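S.K.: attaching a predicted model along with its sequence, questions to come.
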Amino acid sequence: MSLEIQLKLFATLAKYTPPDPDHFPIEEGETAAQVLERLNVPLKEVKLVFIDGVRKDLDWALNGGERVGIFPPVGGG
């Protein structure tokens, strides 16, 4: 059985969005950091990770079915 997540990369990270972000395949237990590394997203550019609307760490293990939102640092003016 294949596992999938919904993946949304915001602002300056949007350019790393995969072709089918609503059905992004993962391995059971894969972390948010590992997903981002597969997409060549520089982890230093990641500020916030939300999994199912809750802030989590990059080392949070995924099980499939989650909604994952990735945000860069946001500046104000």
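M.R.: Received, thanks. Numbers count the residues shown, from 1 in each chain.
S.K.: C-alpha from now on. contacts and neighbour counts both.
M.R.: OK.
S.K.: so who does the nearest residue in space to Leu62 that is not next to it in sequence touch?
M.R.: Spatial nearest neighbour of Leu62, excluding adjacent residues (CA to CA, 6 or more residues apart in numbering): Gly29 at 5.1 Å. Gly29 is in contact with 61-63, counting by CA atoms under 8 Å, 6 or more residues apart in numbering.
S.K.: could you do Pro25 as well?
M.R.: Applying CA under 8 Å, 6+ apart, the residues near Pro25 are 2-5.
S.K.: in strands only, show me the contacts of Gly29.
M.R.: Using DSSP state E, no member of the contacts of Gly29 falls within strands.
S.K.: just the buried subset of these, please.
M.R.: Burial by neighbour count, judged by 16 or more other CA atoms under 10 Å, picks out 61-62 from the contacts of Gly29.
S.K.: narrow the contacts of Gly29 to those in helices?
M.R.: Using DSSP state H, no member of the contacts of Gly29 falls within helices.
S.K.: can you redo the contacts of Gly29 as TSV with distance to Ile70 and pLDDT?
M.R.: As requested, the contacts of Gly29 are exported to TSV (distance: CA to CA, whole Å; pLDDT from 0 to 100):
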residue	distance to Ile70	pLDDT
Ala61	15	96
Leu62	14	97
Asn63	17	95
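S.K.: the protein: helices as residue ranges?
M.R.: For the chain, helices defined by DSSP H occupy the ranges 32-38.
S.K.: any stretches of it with poor pLDDT?
M.R.: Applying pLDDT under 70 to the chain picks out residues 1, 75-77.
S.K.: what pairs with the longest strand belonging to it, parallel or antiparallel?
M.R.: Secondary structure assigned by DSSP E gives strand 3-9 as the longest strand of the chain. Take DSSP bridges as the rule and strand 3-9 pairs in its sheet with strand 24-26 (antiparallel), strand 67-71 (parallel).
S.K.: with respect to burial, which of the ones you listed scores highest?
M.R.: strand 67-71 (a mean of 20; mean count of other CA atoms under 10 Å).
S.K.: how far off centre is that one?
M.R.: Put simply, strand 67-71 sits 5 Å off its chain's centre (CA atoms, centre = their mean, to the nearest Å).
S.K.: related to what we said a few turns ago, pull out the buried residues from the contacts of Pro25.
M.R.: Buried members of the contacts of Pro25, scored by 16+ other CA under 10 Å, are 4-5.
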